[in-house]
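In: I'll drop the sequence and a predicted model, then ask my questions.
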Amino acid sequence: MFAGFTTRQVRANGITVHVCCGGAGPPVLLLHGYPETHVMWHQVAPVLARRFTVVCPDLRGYGDSGKPPGGPEHEGYSKRAMAQDQVAVMAALGFGRFAVAGHDRGARVALRMALDHPGTVSRLAVLDIIPTKTIYETTDQQHATTVWRYFFLTQPGGLPEHLIGADPQYYLRYTLGEWCGTPGALAPEAVAEYTRCFTPAAIHASCEDYRAGAGIDLVHDQADAARPLACPVLVLWSKAGIGRAYDVERIWAQRAPELRGRALDCGHFLAEERPAETTAELLAFLTQDP
């Protein structure tokens, strides 16, 4: 699925990160979302690799990357810790400054990276999210029924792990089907990889990811609420997904002085449902004059 790419395990920030790399040129880091792996970029990364060095890791807790303990405050899965992983990965690969694009949870990691490491992130692209803080602050009955995982996956005591673990393949298929707005868009080989990686350890780690999002990440986000993003920002979002519930462009315009973006006519999985459009938008953004 990634012709010409190589894979390796990189020791970074105290864990092992599984990385798929290809291409040559300026570096671009691509971060995946829940409940997927780096494979979600399989139609985008090879095209970007014609002009860029493309790095596609599995986030901590996902895929073939390490799954460390979350800790009492779930700090092991804070977006700050996950961002530091990827900064360390890029440094190990020889890149001190790079562009980053993230989808879903990966976009939240990318946002935190741009805030914590402004000298490292040259450009930031976020796909199909609004800030977590905004979601919790604006949730009403309509929104709560849409973003129910923000409440389900954060429950303590192993409850979501136990319920998902009763039939993990059903839950995974349900989640992919609920979020995908284009029937048949998810490649069978990609779904097979997501299924392989949806292990008990990954299920627990992804719950820790969401628990951190409802706790320590909000503390960090509140501290940076008034800080504008220092780099150019691209926002792409799903017309059939969050575009129905939020004024995505207005929300991001409050954080990003240099903003561009638009909605794509699809569901949540932009890079898989509309790969050509997603790639074209990323290329235009990555190659625009500073």
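Out: Yes, it's here. Numbers count the residues shown, from 1 in each chain.

In: Residue 72 - that's part of a strand, no?
Out: No. Secondary structure of residue 72 (DSSP: H, G, I helix; E, B strand; the rest coil): coil, not part of a strand.

In: Got phi/psi on the nearest residue to residue 266 once chain neighbours are set aside?
Out: Computed as C-beta to C-beta, 6 or more residues apart in numbering, the closest residue to residue 266 that is not its neighbour in sequence is residue 273, at 3.8 Å. C-beta: built from backbone N, CA, C; applies to glycine. Torsion angles at residue 273 (phi, psi; degrees, to the nearest 10) stand at phi -80, psi -40.

In: Check residue 259 too.
Out: Main-chain torsions, residue 259, degrees, to the nearest 10: phi -120, psi 140.

In: which residues touch it?
Out: Shown in contact with residue 259 (C-beta atoms under 8 Å, 6 or more residues apart in numbering): 232-235, 249, 252-253.

In: now do residue 156
Out: residue 211.

In: Phi and psi next, for it.
Out: phi -80, psi 180.

In: returning to what we had before: list just the nearest of the contacts of residue 259 to residue 13.
Out: Using C-beta to C-beta, residue 233 comes nearest to residue 13 of the contacts of residue 259, at 24.8 Å.

In: follow-up on the earlier one: was I right to think the residue nearest to residue 266 contacts residue 182?
Out: Yes. Using C-beta atoms under 8 Å, residue 273 makes contact with residue 182 at a distance of 4.1 Å.

In: could you point out where this structure is predicted with low confidence?
Out: 290 (pLDDT under 70).

In: Find the residue at the geometric middle of it.
Out: The chain has residue 106 as the residue nearest its centroid, 1.6 Å off, counting by C-alpha atoms, centre = their mean.

In: How about that one: what's its closest non-neighbour residue?
Out: residue 31 (2.9 Å).
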